[in-house]
Every structure is written in structure tokens, then in C-alpha cells.
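Asker: Requesting a structural model of the entry that follows:
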Amino acid sequence: MAPSMATGMASIATLAAVCYLRLFVSTAEQETHNPLERINVASVVFQVDNAIQLTVNSTSLPAGQSHAWFEVAWTGVSHPSYADWIGLVFLAGANFTEIAPAKYKIAALDKGHIIRGEGKLSFRLINYRKAMQFALFRGGMMKPVLAALSPVIQVQNPNEPLQRHLALTGDNTQMLVQWVTHNSSKPIAKWGPAPDQLTSTTPATSISYSREEMCGPPAATIGYSDPGLFHSALLTGLEPEQQYYYSVGDERWGFSPVASFRAAPPVGPLTHVKVVAVADLGQGELDGSMEQSEMVPSLNTTALMLKDIKEQGYQLLVHNGDISYARGYVTQWDNFMHQLEPLISQVPYMASPGNHERDWPNSGDRFVDVYDSGGECGIAFERRVQMPQAGPDKPWYSFDFGPIHFLQYSTEHAFNPGSEQHAWVLSDLAAVNRSRTPWVVVGGHRPIYISSNNIMPGDGDQPVAAALREAFEDAFIKYKVDLTLHGHHHSYQRTCPIHKGLCMGFDQQGSAGRPVHLVIGNAGYMIDPPGLFPAPIWKVIKLWWGYLRMDATGTELKCEAISDMDGSVMDSFTLNKPAGWGDKYMQQRPQDSGQSAIQQERLQEDQHQQQQQPNGCSGQRSCSGGRQKMVAE
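Answerer: So this is what the prediction gives:
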């Protein structure tokens, strides 16, 4: 029987394994984010010890399964050591100095290893779309010696439809369905109003990325393996809040199990919506492997959000940067998408890049010498998680969801006045029809306000926050942004309604006249300490993992910070607006000279959407213009 979901708290055995392994990892290597970065792959020596027998209980990952549990057993290890470990490797017979293992466990987790030189461990393997096998390594992580290989485990269906996820497009009569296979040539989505009535068929477009497109190592070297083909099918003509069922795949290789989603709710102040939001989530391993991972709490965060979606009717997941922490390792993207699939195959997943998706020197981000993407420079994120953005490497977009206008922007690209992104943000804010969406929520990765001691020039927390305030704070105040959601700092923080560093409070009707700024970077990665002396603007700072819940009507926006330990509420606050606030704002809103393209487009949409939203995509806010351009390029 498969082990149950981890609680997110390290077990005694896992803590012991971390201590064992750190004896064989240099101090420099410990300053990493992804556990695979600790392995010195280039130094692997292939030195088979014929006395060691390494076996598995099965040599097949069956068709129709996205994962399966395997037991690895070994005997005959002489002079066993705490530095011995079991890794999952690919490409049988390949040069193991050229590709990193996908995961590992310390052999000493079975106490029989140290006592008798034998043991067994359980691993959960997902479908990586290629043959794999286990290897027993000796000598620790810095100078690993490959001493034994197990029989090869064959993947029976490399074109199993995997990692299904949904995205909004800016047109709420649409839903973009995405998935991955090895090389399926005729992918389609079948969908309809009931599980046994998938009467509509939509062909998918496909895209991938090559080693040559990566900007540097490890993405272009040991972290690269074939990522497969990413398929996307655009479902159109959807009715608001209607339940739809779908299955993806192709006729030759088969189809996924049927899943379902609800179409986006009607846009307007009379609609009630429920949203969950995170930043800095990452991934964890249910089988206890990757013992040094600092992202294990992401398992609890994911499980609790799934429970909210299933039992409480939450309709949307927003993820503001530092998505998977793959940092150049394809397998870690696979692990992350597999972890999120139960959620994001049911509700739309709207994401923006963080430093660990985008930043790499001389690749077009705003920083000079930041290597945080591991050489991916945004390509892996953009191809895997297709958003309705303005174009390739322009990850800014907006969408309406019930009474909320969400504006998503990139803190990793130029945002200074005069930049393309800055102009777009101001134009988008100016064009929001507050009669339809009285709430405006702005999301990005690095925070605009932050309690942190990081004042390092360049990409330090405080210098970037100051630059963001210089670029956007006047506009956020002018256009009455209600809430901002950022991450990067691994904590939960909430300001008062704030104007240029000063708390402004609430008016007699309970409305905040200025934005409230949240840091929600506590979803999964190791917690960061706040500043030593937090300023009075900080109403709440919590140093525990969790996520944000938002419950919105036209007159109330309730937010709850949820602990991943037990689902309890760590912080709760409510923003209010009087009925008719949006109409009054529209009569008095700031008038800018001229009319932007976004404003013209919104005006045309508003005139046409009095009864229902139109079919098809149009303009910068659509999915198909930006998406098709990205696929074509």
C-alpha cells in the first residue's frame, strides 16, 4: 500500500538522513535551492561492484497510470557507509556524467544497510515518458561512484496524457486546456456537458523547448532531458459557471481520465467568487526522497488547497512567482506539475514568473548578475504554463473574474517608467471598468513593501521594493488599487492601507482609501526572517507556511491567511465598499489625455457585454494572439 500524504513535518529518519548526507556536501553546495544541485554529476565515476545486487519489484510502469510505487532492494555492499545513496537515473547505458538523477534516497534510511550492507526502500515514480533505472552510488554527493544498476523500468505508454492544467484567456467564454506527452502527433481535447457526452472535439497545438534554447547550466547541461510536447486546446463558447467535462489525448495512445471544471463566473458586482493564491510554492516528494529539500511544506499547502477546491468551492488558483524551483532540471518541472495536477485540472491556474523561473545574466531580465533560473531564462515556464500575455517574454496580462480585476505583472522584467511593461500597467489600470469589477488586485513576485533586512544593491529586497514604489505607487493610488499580492520573501506579511509609507486607515463606511499590500511567499519554501525592527505599517507578520483565501462579492473582499499545519486561520481581514461604489468611481475617475488601445478595447467590450460575453479572442487581453505567436516562434 502506498504511504499516505506527508504531514510536511520532517520525520526523525529524514532528519537523520539530512545530517548523514551533509557530512559529504561542501558548505558551498549547501547554499542551493534544488536538492539535485547538491550532486556533482560531472564527477560521477562508473565503477561497478559485481558483489552488489540491486533489484526492483517491478520493471514496468503500466499504461494508464501517471505514477506507481516501486521497492528497491540491495545486498552485498561491503563497508557500508552513510554516504551511500540510491538514485533514479535515465537513459540506460548513457554517460551518467551528463544527466542528473531524478531523485534519490540515502541508503542508511534502512538501518540494515549500515549493519549488514543490505536493505530496501520504497520510491514513488511518476511517468517521465522514458525508461529509467535505479543506481547505487557510493562516496557521497561530491565524488559519487556508481557501483550498481537495477534492471531497467520501462514506461508502457510514454504518450500518457499527463500534467493537465487549465488557464483563463481574458475571454470568459473560453478555457485553455493544457497537458504533456512524449511526442503525440494528433492531440485533441474531447469535452461536453456530461462525462458520457464528450461530444465536442478541439485539436491542440503543440510546443516544446530544446537544450539549445536554454541560456546556461544546468538547464543546458546536466538538468536537461527531453521535456516532451506541451499541448494546448482552446475550448470556446462556454456558458458562465456551467460544468464541463473533458478528456485529453489521442486516438493512437489513448485518453486521460475524464476531469471537469466550471466555466468562469459572470463578470460583475453581483457575482460571488472564491480564490486561493500562493507564491514560492515549490514541490515535495511523497515518498520521502530528496531528503535535503526545503520545500516539503508545499505538500500540505497543496493538499489543503485541493480540499478547499473540492469541499468549499474555490474556483481559481493564482500563483505569483517561484513556481517549481526546478532551476534547470526538467524532472523537477515534471514533479511539480504532477503535484499540482489534481488542483489545476479542476480550476484555472494563473501564474506569473519569479526570479527562479526567469533570471539569468544577459537574457533580457532587469537584473545584471542573477542566475536564479538555473539557465531556463523563462522559457521552460512560458512553454509549460501558457498565459494570456502580450507576447513571448512579455508575461504581463489581466483578466476579470466575477467582481475582481486581476492585473498580473513581472517584477523580473523592466518596469521603470518608459518601459513597455510600465506603459501597459498604467494603461490597463486606467481602462478598468469599476462598475463591473469594483475590486482591483495586482499580483507580481517581488514585493512593493517588505519587512526585510536584505538591502543588497541590485536584486535585494529593499532596493527592488523602492524601485517598484517609484514606478507604480502613484498609479496604484490614483486608480484605487485595493490589494497587491507578492512573494519572494518567504513569509506572510500584511500592511495597513498605505500611502507613501504612511497608514491611512479606513473611512466611515469601512472602505480603505489606499492599497493593502500582502506578502504571501510562505507557500512552501524555507521561511525567511523579517526585518529586525518592523515598521508600524506592518499589521501582521507570520512565520509559518500556508496560503491565502479570498472570498469576494461586489461590496466585500474577505482574505484569510491559512496555516498549512492544520488549516487554521493565521490572519483575517475584510475590505469593504458601499453598494454602487463602482458607478460613482466611473463618474469621477481620473481622466487621462487620449485613449489607450486597452481603454478602447474595454469600451467596446463593455458595450457588447451587457448581456453576455462574446465568443472568440481579441486584442491584447485575448489568449490566442499572444499564445499563437508564442507557439509559432
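Asker: which residues sit against the lengthiest helix in the chain?
Answerer: Ranked by residue count and defined by DSSP state H, the top helix of the chain is helix 461-478. Applying CB atoms under 8 Å, 6 or more residues apart in numbering, the contact partners of helix 461-478 are 411, 415-417, 422, 425-426, 429, 442, 444, 446-450, 452, 454-457, 481, 484, 488-489, 499-500, 514-515, 590. The C-beta positions use only the backbone N, C-alpha and C, and glycine is treated the same way.
Asker: just the helices in this protein please.
Answerer: 12-22, 27-30, 112-116, 297-312, 330-344, 355-358, 379-384, 420-431, 461-478, 581-588, 597-608, 624-632.
Asker: Mind checking those helices for the one nearest to residue 510?
Answerer: Comparing the helices of the chain against residue 510 with CB to CB, the closest turns out to be helix 581-588 (11.4 Å).
Asker: average pLDDT across the closest one?
Answerer: The predicted model gives helix 581-588 an average pLDDT of 95.
Asker: Give the buried residues for that helix.
Answerer: Using 16 or more other CB atoms under 10 Å as the test for burial, helix 581-588 gives 581-582, 585.
Asker: Hmm, residue 329 is touching residue 373, no?
Answerer: No - look at residue 329 against residue 373 with CB atoms under 8 Å: they stay out of range, at 11.4 Å.
Asker: Grab the most central residue of this protein for me.
Answerer: Nearest residue to the geometric centre of the chain (CA atoms, centre = their mean): residue 323, 3.1 Å.
Asker: from memory that one sits against residue 355, does it?
Answerer: No - judged on CB under 8 Å, residue 323 makes no contact with residue 355 at a distance of 10.9 Å.
Asker: then stretch 404-421 to PDB, C-alphas only?
Answerer: Listed next in PDB are the C-alpha coordinates belonging to stretch 404-421 (Å, rounded to 0.1, in the frame of the first residue of the first chain):
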ATOM      1  CA  ILE A 404     -12.400  41.300  -9.400                       C
ATOM      2  CA  HIS A 405     -10.000  42.700 -12.000                       C
ATOM      3  CA  PHE A 406      -6.700  40.800 -11.700                       C
ATOM      4  CA  LEU A 407      -3.600  42.500 -13.100                       C
ATOM      5  CA  GLN A 408      -0.500  40.300 -13.200                       C
ATOM      6  CA  TYR A 409       2.900  41.800 -14.000                       C
ATOM      7  CA  SER A 410       6.500  40.700 -13.900                       C
ATOM      8  CA  THR A 411       9.000  42.100 -11.400                       C
ATOM      9  CA  GLU A 412      11.700  40.300 -13.300                       C
ATOM     10  CA  HIS A 413      11.400  42.400 -16.400                       C
ATOM     11  CA  ALA A 414      11.900  46.200 -16.900                       C
ATOM     12  CA  PHE A 415       9.100  48.000 -15.100                       C
ATOM     13  CA  ASN A 416      10.600  51.500 -14.900                       C
ATOM     14  CA  PRO A 417       8.800  54.500 -16.500                       C
ATOM     15  CA  GLY A 418       9.400  54.400 -20.200                       C
ATOM     16  CA  SER A 419       9.400  50.600 -20.400                       C
ATOM     17  CA  GLU A 420       6.800  48.700 -22.300                       C
ATOM     18  CA  GLN A 421       5.600  46.900 -19.200                       C
END
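Asker: beta partners for residue 73?
Answerer: residue 55, residue 120 (DSSP bridges).
Asker: for stretch 566-583, the distance to its chain's centre please.
Answerer: With CA atoms, centre = their mean, to the nearest Å as the basis, stretch 566-583 stands 25 Å off its chain's centre.
Asker: So which bits of that stretch are buried?
Answerer: 570-571, 573, 575, 577, 581-582.
Asker: Please flag which of those sit within strands.
Answerer: Within the buried residues of stretch 566-583, residues falling in strands by DSSP state E are 570-571, 573, 575.
Asker: Just put these in TSV and tack on distance to residue 232 and pLDDT.
Answerer: Formatted as TSV, these follow (distance: CB to CB, whole Å; pLDDT from 0 to 100):
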residue	distance to residue 232	pLDDT
570	36	98
571	37	98
573	37	96
575	35	96
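Asker: quick one: buried residues of stretch 549-559?
Answerer: In stretch 549-559, counting by 16+ other CB under 10 Å, buried: 549-555, 557, 559.
Asker: oh, I was asking about stretch 193-208
Answerer: Neighbour count says stretch 193-208 has 198, 202, 204-207 buried, by 16+ other CB under 10 Å.
Asker: Return the distance of it from the chain's centre.
Answerer: Between the centre of stretch 193-208 and the centre of its chain there are 24 Å (CA atoms, centre = their mean).
Asker: What mean pLDDT does that stretch get?
Answerer: Taken as a whole, stretch 193-208 has a mean pLDDT of 98.
Asker: Return the alpha-carbon coordinates of the longest helix of the chain using CSV.
Answerer: Output in CSV follows, covering the C-alpha atoms of helix 461-478 (Å, rounded to 0.1, in the frame of the first residue of the first chain):
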residue,chain,number,x,y,z
ASP,A,461,14.5,43.1,-1.2
GLN,A,462,14.6,46.7,-0.2
PRO,A,463,16.2,48.2,-3.4
VAL,A,464,13.7,46.4,-5.6
ALA,A,465,10.7,47.4,-3.4
ALA,A,466,11.8,51.0,-3.6
ALA,A,467,12.1,50.8,-7.4
LEU,A,468,8.6,49.2,-7.6
ARG,A,469,7.1,52.0,-5.4
GLU,A,470,8.8,54.7,-7.6
ALA,A,471,7.4,53.1,-10.7
PHE,A,472,3.9,52.2,-9.6
GLU,A,473,2.8,53.5,-6.2
ASP,A,474,1.3,56.8,-7.6
ALA,A,475,-0.7,54.8,-10.2
PHE,A,476,-1.9,52.3,-7.6
ILE,A,477,-3.2,55.2,-5.5
LYS,A,478,-4.6,57.1,-8.4
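Asker: quick one: buried residues of that helix?
Answerer: 461-462, 464-465, 467-469, 471-473, 475-477.
Asker: now stretch 299-315
Answerer: 299-306, 308-309, 314-315.
Asker: Looking at those residues, which is nearest residue 257?
Answerer: Taking CB to CB as the measure, residue 257 lies nearest residue 306 of these, at 16.2 Å.
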